[in-house]
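S.K.: quick one, fold the following:
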Amino acid sequence: MSYNANKHLTNFHDERVFVDEANLGVARQRREANRNRLNNGLKSDEKPVPVEFVAQGSYAMKTMVQSEVETSDIDDGAVFDRELLRGPRGGDCSASDAKEMVRKAIASDNKFNTPPEIRKNCVRVYYNDGFHVDIPVYRTYEDNGEKKKELASSGDWKNSAPEDITNWFNTQVIDKSPDTTKGRQLRRIVRFIKYWSKSRSSWKMPSGFIISVLVDEAYPFNGWVERDDKALLAVLRSIRNRLLLNERVYRPVNPREEIIHDNNLGRVRRMCEELDAAIDKVSQIERADSDELMVLKAFKSVFNTDFWDGRIKELEDNDGGDGNRGGSGKGLITPSAPVIKKGSTGQYA
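M.R.: Down below sits the predicted model:
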């Protein structure tokens with residue numbers, strides 16, 4: 001018979017994957033510090049200040065995970081009034097000049113060992129512990145009574161409202177998931193796969209955004225009631241099969257541009273390769289001879305974690321697993337509370 005491992009995954013999610021509100025303190029503090037730093041630097045330079053800030057990315061989508069081996073980031077868009085954002089001759093400020101204005105303002109207090117850097121779609125602020133804050137720069141204006149936003153990208157401004165992705169994802173989570181607890185199942189599956197993708201320091205995997213789009217494509221309406229283990233296995237298989245047929249991924253909202261490019265195609269291919277081993281392990285929940293010990297060893301291998309070591313040892317000391325034991329969680333070695341570790345040994349991602 002198959003083995004129901006839902007309880008074990010639930011415990012793992014709550015203890016090692018999910019980042020609760022209380023433990024987002026460092027991310028929030030750095031976000032607020034950079035907002036203040038940007039406003040102060042712009043005022044000092046007699047430049048316009050943002051009319052609003054828009055949280056985006058995994059922070060806004062609530063898909064951040066406790067990453068054990070990779071650095072993390074938070075995305076916080078700065079939105080400027082187009083009418084106030086002017087170039088040196090009074091015309092519209094260019095995208096590159098707008099990003100340089102933000103970079104200069106952030107760097108003005110000389111608090112960073114690594115100076116803030118202009119990237120393709122943002123200004124990046126680096127911290128010594130590996131954490132970084134990305135600040136995309138937007139301008140907003142009205143066109144025929146409609147409020148529009150444009151992102152300062154490489155070379156020019158392009159239509160892109162930062163809240164569109166968050167709204168899209170939240171709608172998909174609500175519409176598709178069969179439950180209302182712990183962030184809903186679709187969001188939990190994104191977290192599980194993001195955690196897996198960050199579980200080895202040698203892996204270079206796609207971004208959390210690309211993973212979120214792939215999971216949404218693979219996840220059906222109504223999911224799997226009270227069976228995150230079945231949901232995880234089905235989504236892993238679907239993503240692997242999809243990538244074997246088509247490696248290209250596109251934004252789910254306008255502009256519906258491709259988000260897989262030559263510089264990150266290798267990451268997508270690596271993910272597809274590693275999915276084979278993950279599917280082989282997780283599929284043990286379907287085996288006729290599966291039991292608790294077999295499944296926990298498989299999960300330990302997939303997620304590269306010591307989370308189930310206590311229960312595994314207990315079962316081995318009792319001469320093996322028993323499929324009727326269920327996911328009791330006894331003997332688990334777990335931390336008293338999630339922590340942000342320093343250096344390259346752990347972050348929230």
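S.K.: buried sites along the host helix or strand of Val54?
M.R.: When elements are defined using DSSP states H and E, Val54 is found to belong to strand 52-56. Neighbour-count burial for strand 52-56, counted by 16 or more other C-beta atoms under 10 Å, picks out Phe53, Val54, Ala55, Gln56. Where C-beta positions appear, they are placed from N, C-alpha and C, glycine not excepted.
S.K.: now stretch 154-174
M.R.: Trp157, Ser160, Ala161, Pro162, Asp164, Ile165, Thr166, Trp168, Phe169, Gln172, Val173.
S.K.: ok, back up a step: direction included, what does the strand holding Val54 pair against?
M.R.: With DSSP bridges as the test, strand 52-56 is paired with strand 73-81 (antiparallel).
S.K.: which residues are contacting the strand it pairs with?
M.R.: Defining contact as C-beta atoms under 8 Å, 6 or more residues apart in numbering, one finds that strand 73-81 is touched by 27, 30-31, 34-35, 38, 48, 50-60, 98, 102, 122, 131-141, 149, 162, 349.
S.K.: switch to 7 Å and redo it
M.R.: 27, 31, 34, 38, 48, 50-57, 59, 102, 132-140, 149, 162 (C-beta atoms under 7 Å, 6 or more residues apart in numbering).
S.K.: mind checking which of those are in strands?
M.R.: 52-56, 132-135, 137-140, 149 (DSSP state E).
S.K.: any idea which of these is least confident?
M.R.: In terms of pLDDT, the lowest of the ones in strands among the contacts of strand 73-81 is His132, showing 87.
S.K.: burial check on that one, number of neighbours?
M.R.: Around His132 sit 19 other residues, with neighbours defined as other C-beta atoms under 10 Å.
S.K.: surely it and Val123 touch.
M.R.: No. Look at His132 against Val123 with C-beta atoms under 7 Å: they stay out of range, at 10.5 Å.
S.K.: quick revisit: are any of the contacts of strand 73-81 buried, and if so which?
M.R.: Among the contacts of strand 73-81, those classed as buried by 16+ other C-beta under 10 Å are 27, 31, 34, 38, 48, 50, 53-57, 59, 102, 132-140, 149, 162.
S.K.: show me where the stretch 151-300 of the chain has its strands.
M.R.: Remark: strands assigned in the stretch 151-300 of the chain by DSSP state E, counting those that start in this stretch are 157-159.
S.K.: can you give me the helices in it?
M.R.: Assigned by DSSP state H, counting those that start in this stretch, the stretch 151-300 of the chain shows helices spanning 162-176, 185-197, 208-218, 228-245, 262-282, 292-303.
S.K.: right, so those: which one is the most enclosed?
M.R.: helix 185-197 (a mean of 25; mean count of other C-beta atoms under 10 Å).
S.K.: elements contacting that one?
M.R.: helix 162-176, helix 208-218, helix 228-245, helix 292-303 (3 or more C-beta pairs under 7 Å, 6 or more residues apart in numbering; DSSP states H and E).
S.K.: quick check: angle from the second one to helix 262-282?
M.R.: Angular relation of helix 208-218 and helix 262-282 on a 0 to 180 degree scale: 50 degrees, by axes from the mean of the first three to the mean of the last three C-alpha atoms, to 10 degrees.
S.K.: count of residues packed around Gly87?
M.R.: 11.
S.K.: can you give me the distance of it to Ala98?
M.R.: If you measure Gly87 against Ala98 using C-beta to C-beta, to the nearest Å, the figure is 9 Å.
S.K.: what stretches of the chain score poorly on pLDDT?
M.R.: 1, 68-72, 320-349 (pLDDT under 70).
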